[in-house]
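Peer 1: need a 3D model of the sequence below.
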Amino acid sequence: MKSSFTSIRRFRGHFLCVLCALCCSILLCAKEVESEGRAAGDQTTAREQALADALREAVRVGVGVDVASTSKVSDFALDYDRILSAAFGHVKTYKIVSSGLGKDGIYKVKVKADVQPGTPGAKDTLALRQIVLLKGAPRVSIKVEDQIDGAAGPTSYAQGIMEQTGRELQLNLVDIGTARTQETKMASRDEILGNDKVAKLRKADISQKADFLIEGKVVARYVGQQSSYGSLPQHVFSVGGELRAIRPETGEIVATAALPGTERVESDLESKEMAARDVIQKVLAGTGKTSNIFNKILARWVTETDLGAIKRLEFTGMSSEDWQKLQAAMKDTDKISAVWPREFDAQGISNLDIETRLDNPGIESVVTTSTENRYATDRATDNLIAFKPGTPAKNSWWPW
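Peer 2: Numbering: from 1, shown residues only. Down below sits the predicted model:
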């Protein structure tokens, strides 16, 4: 019995030693670094590029790895999203020290990051899934059409393939058609209960149901059956198309992906219909265009989560004096790091884009103070706030 207790104590001792060694190894491998990223502020993706550059520099300083090289990126401005996702294989945690557009027109992001050697060369899906786990998932709706010559009826092969990729990434996929049907049912309930105004608002379909919309078309033309060197006949198609990701509330195009026209895509499947789906999947997966679209969406999502959202402020009938005062107030507000005046029309609608970590009530406070209560919020979504002339009502906001 005594020997058994002795063995147990020895086992515990060895276990604790191994555990301590493991913990020490992890702590020694992890390294905290500070780094800065930069990008020309006049580019629409300046924030994403600057953040990707900062995390890339953190990995280079911390573990001596250039993720631009390991991910085989040749054009940083175009493929910043791939660098960002590759950096998440090494960056375990990080926080934003500072960010904003400088007077020199350069957007700068400074980060403090914990980096480790990680697993270079991780698959795209794993890298993107890691981003979703760390930063949460945006609501994504997909509407991609097929056009297949000779098909017996309408198909939705590309739609299904894109949705499958979205599910693998653990994204929050939204079927807008189903959401609208449910809202129509709720409108009928409101009418029965006498809430006519709410019923009309539901039927108007003005609520924002998705953060991003992926739309596009894939065209497949049937070439025929061909065989090579005595092999069994294969169905052959030529395939092309285009995909794009959009911010529904502003119409901003976040990313585009042109599928290059491929003249000869073959399938061994006997059924012509299944062969069509097979070749569409090969083109979407083989060109990497599907992952590129999701890459760009997640790069935007991460950027907005860490640096603050880009919000569009819309004003009706704003005077030139208020327009100038508003911009000055925005630039002097701590949690507003960038201001982009887009359009001014004293007789119509003026638009101003800001990068901010303020919530919507906070933004309303800045607007009302700078214009001496001459404007009030009319309606708002996550990325668009419309203001109208008038004094804000007290407690006009729902809790955000």
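Peer 1: pLDDT weak spots in this protein?
Peer 2: In the predicted model of the chain, residues 1-30, 118-125, 127, 150, 152, 229-230, 287, 392-400 satisfy pLDDT under 70.
Peer 1: domain boundaries for it, per the record?
Peer 2: 29-135, 139-174+210-304, 308-389 (automatic domain parsing).
Peer 1: identify whichever of these lies nearest to V198.
Peer 2: Counting by C-beta to C-beta, V198 lies closest to domain 308-389 out of these; the figure is 14.5 Å. All C-beta spots, glycine's among them, are computed from the backbone N, C-alpha and C.
Peer 1: before we move on, back to that, can you add distance to E191 and mean neighbour count and give the domains of the chain back as CSV?
Peer 2: Shown next, in CSV, are those (distance: least, C-beta to C-beta, whole Å; neighbours: other C-beta atoms under 10 Å):
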stretch, distance to E191, mean neighbour count
domain 29-135, 39, 19
domain 139-174+210-304, 25, 18
domain 308-389, 22, 17
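Peer 1: tell me where this protein has strands.
Peer 2: Using DSSP state E, the strands found in the chain span residues 31-40, 91-101, 106-115, 139-148, 172-173, 212-226, 234-247, 252-267, 309-316, 336-343, 349-356, 375-380, 384-389.
Peer 1: do I have it right that F387 meets T316?
Peer 2: Yes: here F387 reaches T316: they are 7.2 Å apart, a contact under C-beta atoms under 8 Å.
Peer 1: circling back to that earlier point, K185: which of the domains of the chain is closest?
Peer 2: Going through the domains of the chain one by one, with C-beta to C-beta as the measure, domain 139-174+210-304 comes closest at 16.9 Å.
Peer 1: the closest one: end-to-end distance?
Peer 2: 14 Å (C-alpha to C-alpha, to the nearest Å).
Peer 1: what's the answer for stretch 340-352, then?
Peer 2: This stretch, stretch 340-352, spans 6 Å end to end (C-alpha to C-alpha).
Peer 1: kindly report the same for stretch 102-110.
Peer 2: End-to-end span of stretch 102-110 (C-alpha to C-alpha): 13 Å.
Peer 1: pipe the strands of the chain into JSON lines and attach distance to V65 per row.
Peer 2: As requested, the strands of the chain are arranged in JSON lines below (distance: least, C-beta to C-beta, whole Å):
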{"stretch": "strand 31-40", "distance to V65": "12"}
{"stretch": "strand 91-101", "distance to V65": "11"}
{"stretch": "strand 106-115", "distance to V65": "9"}
{"stretch": "strand 139-148", "distance to V65": "31"}
{"stretch": "strand 172-173", "distance to V65": "32"}
{"stretch": "strand 212-226", "distance to V65": "30"}
{"stretch": "strand 234-247", "distance to V65": "29"}
{"stretch": "strand 252-267", "distance to V65": "26"}
{"stretch": "strand 309-316", "distance to V65": "31"}
{"stretch": "strand 336-343", "distance to V65": "29"}
{"stretch": "strand 349-356", "distance to V65": "30"}
{"stretch": "strand 375-380", "distance to V65": "43"}
{"stretch": "strand 384-389", "distance to V65": "40"}
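Peer 1: closest to K282 out of these?
Peer 2: Nearest to K282, of all these, is strand 252-267, at 6.0 Å by C-beta to C-beta.
Peer 1: give the partner strands of that closest one in its sheet and their orientations.
Peer 2: Paired strands of strand 252-267, with direction, are strand 234-247 (antiparallel) (DSSP bridges).
Peer 1: specify the angle between the partner strand and strand 139-148 in degrees.
Peer 2: On the basis of axes from the mean of the first three to the mean of the last three C-alpha atoms, to 10 degrees, strand 234-247 is oriented at 150 degrees to strand 139-148.
Peer 1: distance from the chain centre to strand 234-247, please.
Peer 2: Put simply, strand 234-247 sits 22 Å off its chain's centre (C-alpha atoms, centre = their mean, to the nearest Å).
Peer 1: L51 reaches T305, doesn't it?
Peer 2: No: the pair L51 / T305 is not scored as a contact, 10.3 Å apart, by C-beta under 8 Å.
Peer 1: could you name every residue contacting both of F387 and T316?
Peer 2: The contact sets of F387 and T316 overlap at D378 (C-beta atoms under 8 Å, 6 or more residues apart in numbering).
Peer 1: quick one: contacts of stretch 197-211?
Peer 2: With contact meaning C-beta under 8 Å, 6+ apart, stretch 197-211 is reached by 138-141, 174, 176, 179-180, 183-184, 186-188, 190-191, 247-249, 301, 379, 381-382.
Peer 1: residues contacting T262?
Peer 2: Counted by C-beta under 8 Å, 6+ apart, T262 has contacts S238, V239, G240, V283.
Peer 1: got it, and P341?
Peer 2: By C-beta under 8 Å, 6+ apart, the neighbours of P341 are W323, Q327, N351, L352.
Peer 1: circling back: would you list the domains of the chain in JSON lines and tack on distance to A199?
Peer 2: Shown next, in JSON lines, are these (distance: least, C-beta to C-beta, whole Å):
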{"stretch": "domain 29-135", "distance to A199": "36"}
{"stretch": "domain 139-174+210-304", "distance to A199": "22"}
{"stretch": "domain 308-389", "distance to A199": "18"}
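Peer 1: so for D196, which of those domains sits nearest?
Peer 2: Checking these against D196 by C-beta to C-beta gives domain 308-389 as the closest, at 18.9 Å.
Peer 1: start to end distance for that closest one?
Peer 2: 27 Å.
Peer 1: before we move on, the earlier item: would you list the contacts of P341 in JSON lines and tack on distance to L126?
Peer 2: Shown next, in JSON lines, are the contacts of P341 (distance: C-beta to C-beta, whole Å):
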{"residue": "W323", "distance to L126": "48"}
{"residue": "Q327", "distance to L126": "43"}
{"residue": "N351", "distance to L126": "39"}
{"residue": "L352", "distance to L126": "39"}
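Peer 1: how about the CA coordinates for stretch 145-161, as PDB?
Peer 2: Provided in PDB are the C-alpha atoms of stretch 145-161 (Å, rounded to 0.1, in the frame of the first residue of the first chain):
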ATOM      1  CA  GLU A 145     -28.000  33.000 -59.300                       C
ATOM      2  CA  ASP A 146     -27.100  30.200 -61.800                       C
ATOM      3  CA  GLN A 147     -27.500  30.400 -65.500                       C
ATOM      4  CA  ILE A 148     -26.900  27.000 -67.000                       C
ATOM      5  CA  ASP A 149     -27.500  26.400 -70.700                       C
ATOM      6  CA  GLY A 150     -29.600  23.400 -71.400                       C
ATOM      7  CA  ALA A 151     -30.700  22.900 -67.800                       C
ATOM      8  CA  ALA A 152     -34.100  21.400 -67.400                       C
ATOM      9  CA  GLY A 153     -35.200  24.100 -64.900                       C
ATOM     10  CA  PRO A 154     -33.900  26.900 -62.600                       C
ATOM     11  CA  THR A 155     -31.000  25.800 -60.300                       C
ATOM     12  CA  SER A 156     -29.300  27.300 -57.300                       C
ATOM     13  CA  TYR A 157     -26.000  25.400 -57.200                       C
ATOM     14  CA  ALA A 158     -23.800  28.400 -56.700                       C
ATOM     15  CA  GLN A 159     -26.100  29.600 -53.900                       C
ATOM     16  CA  GLY A 160     -25.800  26.300 -52.100                       C
ATOM     17  CA  ILE A 161     -22.000  26.200 -52.500                       C
END
